[in-house]
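Engineer: I would like the atomic coordinates for the input below:
(chains A, B, C and D)
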Number of protein chains: 2
Amino acid sequence: MGRMSEGSVRLDATAKRIIELLQEDGRISYAAIAKAVGLSEAAARARVQKLLDSEVMQVVAVTDPTQVGFTRQAMIGVRTEGDPMKVGDRLAEVSEVDYVVTTAGSFDLLVEVVCEDDPHLLDVIRQVRELEGVVSSETFVYLKLNKQHYNWGTR
Amino acid sequence: MGRMSEGSVRLDATAKRIIELLQEDGRISYAAIAKAVGLSEAAARARVQKLLDSEVMQVVAVTDPTQVGFTRQAMIGVRTEGDPMKVGDRLAEVSEVDYVVTTAGSFDLLVEVVCEDDPHLLDVIRQVRELEGVVSSETFVYLKLNKQHYNWGTR
DNA sequence: CAAAGATTCTGCGGTAATCGCAGAATTAAC
DNA sequence: GTTAATTCTGCGATTACCGCAGAATCTTTG
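Structural biologist: Below is the predicted model of the structure:
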């Protein structure tokens, strides 16, 4: 995923079960996956590789930003003129931006940013507001992360 | 992380480098990590285990929701009365909610939800608005995910 | 429906990675 | 400066991973 490669790949029950296992523990062995889904190790390995190649799934380390030197996080609601997608793609290029989504509602884009401190955040906000096509923005500084999970299953 | 365990663990350069390697590829071998950071395999393995145990980092599969049967995603801005944290913790218990953050700004909470379709989303919104302490809410339906990444490094 | 083609699977040998542990080295505490 | 705690290296024993050949299954096509 990451850039969502379209072309919705069809996922059978086995693929979904494999995803769920890796959502629990990204470093589980192919052998363990194979046993859990009732396939040979080689088949399970091929399945995982295919899911990674097709970008349906990625296996990565996710960190708590506050513990690795990023004190300030925020969501920025952005109103645009012209094509929101274009602005979104340009925002996506900013390194402090880790999440950009085009939405329907009183904001055209929602942008999550990860900063080291307040001056850094201020600078990023300035960068966003100076972007061509950005009409206005509203910043929501994060006070506390109550929940964050990645195992929403597959169904 | 996930519930962020406080107690900021001190991260030295080696730990940060290890995190960065795993942000690139969550299934990289301990041997490869060891070689990259200049430690023995056993030491690298102990480091990774410690990072996982201390909940500074987790290694998980992350999927593109649209490809695994969840067509409708949305961010819900919530205004509360009373303690926003309390409401946030209650929202965190809703299974369709994968992300809850307490913020400063015109919303007290931002809540991301993952749904199968529009009726499902409607039901979740109803659930949110009925929660004690929720005064009002505004929903931003996702039209396109422009960017999503997890390798914001460590510094 | 039958044959051809494409996928996906199993089985297996060779290689590489993982695990657990004992002891050395380093770091922190007193 | 001594003790204690942590972290590291080295190394067998075990397990997992990789690549491939051939069988099985699912798809396409005439």
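
Engineer: strand partners (parallel or antiparallel) of the longest strand belonging to chain A?
Structural biologist: Within chain A, and with DSSP state E defining each element, the longest strand by residue count is strand A:134-148. Based on DSSP bridges, the pairing partners of strand A:134-148 within the sheet are strand A:72-80 (antiparallel), strand B:97-104 (antiparallel).

Engineer: let me have those in CSV, extended by distance to DNA strand D, mean neighbour count and mean pLDDT.
Structural biologist: (C-beta placed from N, C-alpha, C; glycine too.) Formatted as CSV, the strands paired with strand A:134-148 follow (distance: least, C-beta to the nearest atom of the strand, whole Å; neighbours: other C-beta atoms under 10 Å in any protein chain shown; pLDDT from 0 to 100):
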stretch, distance to DNA strand D, mean neighbour count, mean pLDDT
strand A:72-80, 28, 22, 96
strand B:97-104, 28, 21, 94
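
Engineer: adding distance to A:Val101, write these out as JSON lines.
Structural biologist: JSON lines is the format used below for these (distance: least, C-beta to C-beta, whole Å):
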{"stretch": "strand A:72-80", "distance to A:Val101": "10"}
{"stretch": "strand B:97-104", "distance to A:Val101": "12"}
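
Engineer: distance to DNA strand C added to the ones you listed, as JSON lines?
Structural biologist: Shown next, in JSON lines, are the strands paired with strand A:134-148 (distance: least, C-beta to the nearest atom of the strand, whole Å):
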{"stretch": "strand A:72-80", "distance to DNA strand C": "28"}
{"stretch": "strand B:97-104", "distance to DNA strand C": "28"}
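
Engineer: so which of the ones you listed comes closest to A:Val124?
Structural biologist: When the strands paired with strand A:134-148 are compared for distance to A:Val124 using C-beta to C-beta, the nearest one is strand A:72-80, at 8.3 Å.

Engineer: could you identify the helix or strand that succeeds the closest one?
Structural biologist: helix A:84-92 (DSSP states H and E).

Engineer: which strands or helices does that following helix pack on?
Structural biologist: strand A:72-80, strand A:97-104, strand A:109-115, strand B:134-148 (3 or more C-beta pairs under 8 Å, 6 or more residues apart in numbering or on different chains; DSSP states H and E).

Engineer: if we go to 6 Å?
Structural biologist: For helix A:84-92, the contact count by 3 or more C-beta pairs under 6 Å, 6 or more residues apart in numbering or on different chains; DSSP states H and E identifies strand A:97-104, strand A:109-115, strand B:134-148 as packing neighbours.

Engineer: give me the distance between the two termini of stretch A:75-91.
Structural biologist: With C-alpha to C-alpha, to the nearest Å as the measure, stretch A:75-91 spans 13 Å from end to end.

Engineer: off-centre distance for it?
Structural biologist: Centroid separation between stretch A:75-91 and its chain, computed with C-alpha atoms, centre = their mean, to the nearest Å, is 17 Å.

Engineer: also stretch A:38-47?
Structural biologist: In terms of C-alpha atoms, centre = their mean, the centre of stretch A:38-47 is set 27 Å apart from its chain centre.

Engineer: please name the nearest non-neighbouring residue to A:Thr14.
Structural biologist: With C-beta to C-beta, 6 or more residues apart in numbering or on different chains as the measure, A:Val37 is the residue that lies nearest to A:Thr14, at 5.2 Å, once sequence neighbours are left out.
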